[in-house]
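Asks: what shape does this take:
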Amino acid sequence: MHSSFHSLLTQTDTDPSSNPSGSFEVRVKERYILKFQSDDGVEVVLEDITSLEFRFVLSIPLHFPSPQARTVYIKDIVSSLNLDPHVYELVSGEMTEVVAETLAKTKGKEDACCTSYQS
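Replies: Predicted structure coming up:
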């Protein structure tokens, strides 16, 4: 499902004491098609209009006080894009999932680093 939008989520700071962030690139291109279809199956396209592509880059921190805070933050930032409600739910859900997975990987690296130094 991650192919539905382009994700550039990368850790931008390697210092574990700071709050690393990442960015998402969201591209939106709307298409409007006006067709007429007769009862006998003949279809005529009257208009097929594609709008210009809109590109948004959203910077998002990886660390949040709780998973709920992460979800609320991402939903708020995505709502500013004025997307179709279905697309909004899809994109915000995917972004939340990717941030959580990236945070888990980051924490795994930090934990591995710390445990290897303690032994």
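Asks: can we go C-alpha only for contacts and neighbour counts from here?
Replies: OK.
Asks: give me the mean pLDDT for stretch 104-119.
Replies: Taken as a whole, stretch 104-119 has an average pLDDT of 52.
Asks: when you give positions from now on, start the count at 431
Replies: Sounds good: first residue 431 from here, last item stretch 534-549.
Asks: tell me the contacts of residue 517?
Replies: Applying Cα atoms under 8 Å, 6 or more residues apart in numbering to residue 517 gives no contacts.
Asks: does it sit in a helix, a strand or a coil?
Replies: Of the three states, residue 517 takes helix according to DSSP: H, G, I helix; E, B strand; the rest coil.
Asks: for the residue lying closest to residue 494 once chain neighbours are set aside, phi and psi?
Replies: Distance criterion Cα to Cα, 6 or more residues apart in numbering; nearest residue to residue 494, sequence neighbours excluded, is residue 500 at 5.7 Å. In terms of degrees, to the nearest 10, the main-chain angles of residue 500 are phi -60, psi -50.
Asks: alright, calling it a day.
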